[in-house]
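Engineer: quick one, structure for this:
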Amino acid sequence: MIKTLKTLLLALALSAYGNAALAHAEHGQPQHGGVVAEAGEMQFEIVNKDGLLTVYLSNHGSPVPAAGATGKLTALAGTAKSVFDLKAVGDSHLQGSGSIPAGAKLLISVQWPGKKPLQARAVMR
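Structural biologist: Alright, predicted model coming up:
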């Protein structure tokens, strides 16, 4: 009986750990075909497609509400510098108009009302 109880407790502990590991597996991995920039626990996935810049907001793979958030995306390509304004357009993403060449260095700044801005860096693929 005690051996069965120990086995059951061990199985429960391992399954709880496994679920946490699976939830964390998406952390830092692009989910929309873009590049991921991290700021603390937040991830910003930057997608450059069809003249639109879309930034998906997540925390350890879970979407983060974009309501009220604004952002700026700065791209440095050689000696050229471009700055794009980003506005909330969906549940968990920001969007702006523009296109960024591959290899450009990116600095993203996202801010929610009453909070300090979060900043992260990446390189466009």
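
Engineer: tell me who's in contact with the residue nearest to G34 when sequence neighbours are not counted.
Structural biologist: Using Cβ to Cβ, 6 or more residues apart in numbering and skipping residues adjacent in sequence, the residue nearest G34 is V47, 3.6 Å away. Just so you know, the C-beta spots here come from the backbone N, C-alpha and C atoms, and that holds for glycine as well. Contact partners of V47, counting by Cβ atoms under 8 Å, 6 or more residues apart in numbering, are H32, G33, G34, L53, T54, V55, Y56.

Engineer: and the pLDDT for the closest residue to G40 other than its chain neighbours?
Structural biologist: Taking Cβ to Cβ, 6+ apart, and ignoring the residues beside it in sequence, G40 has L118 as its nearest neighbour in space, at 6.8 Å. At L118, the pLDDT value in this model is 97.

Engineer: what's opposite L118 in the beta bridge?
Structural biologist: L118 forms beta bridges with V110, as assigned by DSSP bridges.

Engineer: show me what contacts it?
Structural biologist: With contact set as Cβ under 8 Å, 6+ apart, L118 has these partners: A39, G40, M42, S109, V110, Q111.
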